[in-house]
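Q: Model the following, please.
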Amino acid sequence: MGNDSEQLSLLRRRQQTNKTNKKSSGFVPRDDNGGNEGVIENGNGTREEIGKIERNERKRNKRKQICDSISDPDSIDIDLVRHLAITSGGLLCKTLRRRVWPVLLNLDLNNVIPIPPVSEIQSHKDYQQVHIDVIRCLRRFPPDVDYDERMALQDQLTSLIIRIFMKHPDLHYYQEII
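A: I've put the predicted structure just below:
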C-alpha cells in the first residue's frame with residue numbers, strides 16, 4: 001500500500017509541475033547541447049518559433065501601414081501604397097486587395113457602371129469565341145483549384161472581357177493563332 005501511495009504522490013507532483021510549467025511564459029534559452037534557443041513558451045505551455053512570431057508581427061505592421069495609408073482619401077500617398085503592394089507578401093489578403101486596388105487604379109467606387117444582365121452579355125457578338133478561349137486558358141490553373149471555383153472564375157473572366165467590349169465598342173476581339 002505504501003508503494004501505491006508513493007506512486008500516487010509522485011504522479012500528483014508531476015501533474016502539479018506540469019501545471020506550473022504551463023503557466024510560465026517567456027523566453028526559454030537554449031543550452032550548448034541544442035536545447036531550446038529561439039523558442040518562446042507562451043502561457044498555454046506550447047512553443048512557437050521566434051521566426052513565426054516575427055513574421056506575424058511584420059504582417060500586422062504591414063497591414064496597419066496599408067490601412068493607415070488609405071484611410072484618408074484626401075491624403076493618400078499613392079507611391080507608398082504602390083510600394084507596399086509590390087513588397088514581400090503583397091497586399092496580404094483578399095480583403096485588403098479589395099480596398100487597395102480601387103485606390104491604385106484611381107477608381108471612384110461611387111460611380112461604378114452596373115453589370116449588364118447575363119442575357120445581354122451572352123448575346124454580344126464576341127461572347128462565344130471569348131467563352132471558348134477562357135475555357136482553354138483556365139485549363140492552366142493550378143490543379144488544387146476545384147471545379148466549382150474554376151467555373152465561377154471562368155464566368156467572371158468571360159463577363160469581364162465582354163463588358164470591356166460593351167463599354168468600348170471600338171475594341172475588337174482577335175484570337176491569336178500559334
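Q: Give me the secondary structure label for residue 143.
A: When the structure is reduced to helix, strand and coil (DSSP: H, G, I helix; E, B strand; the rest coil), residue 143 reads as coil.
Q: That one: neighbour count?
A: The number of residues packed around residue 143, counting by other Cβ atoms under 10 Å, is 5. Heads up, the C-betas are built off the backbone N, CA and C, glycines and all.
Q: how about it, what does it touch?
A: For residue 143, the set of contacting residues under the criterion of Cβ atoms under 8 Å, 6 or more residues apart in numbering is empty.
Q: So it versus residue 114, what's the distance?
A: Separation of residue 143 from residue 114 (Cβ to Cβ, to the nearest Å): 36 Å.
Q: quick check, residue 133 in a helix?
A: Yes. Counting by three-state DSSP, residue 133 is found in a helix.
Q: So it sits against residue 162, correct?
A: No. Contact status for residue 133 versus residue 162: not in contact, 11.7 Å apart, counting by Cβ atoms under 8 Å.
Q: And the two? Which one has more around it.
A: The neighbour comparison of residue 133 against residue 162 (other Cβ under 10 Å) goes to residue 162, with 22 against 17.
Q: Who are the packing partners of the helix or strand that one falls within?
A: Residue 162 belongs to helix 147-167 when elements are defined using DSSP states H and E. Packing contacts for helix 147-167, counted by 3 or more Cβ pairs under 8 Å, 6 or more residues apart in numbering; DSSP states H and E, involve helix 118-122, helix 127-138.
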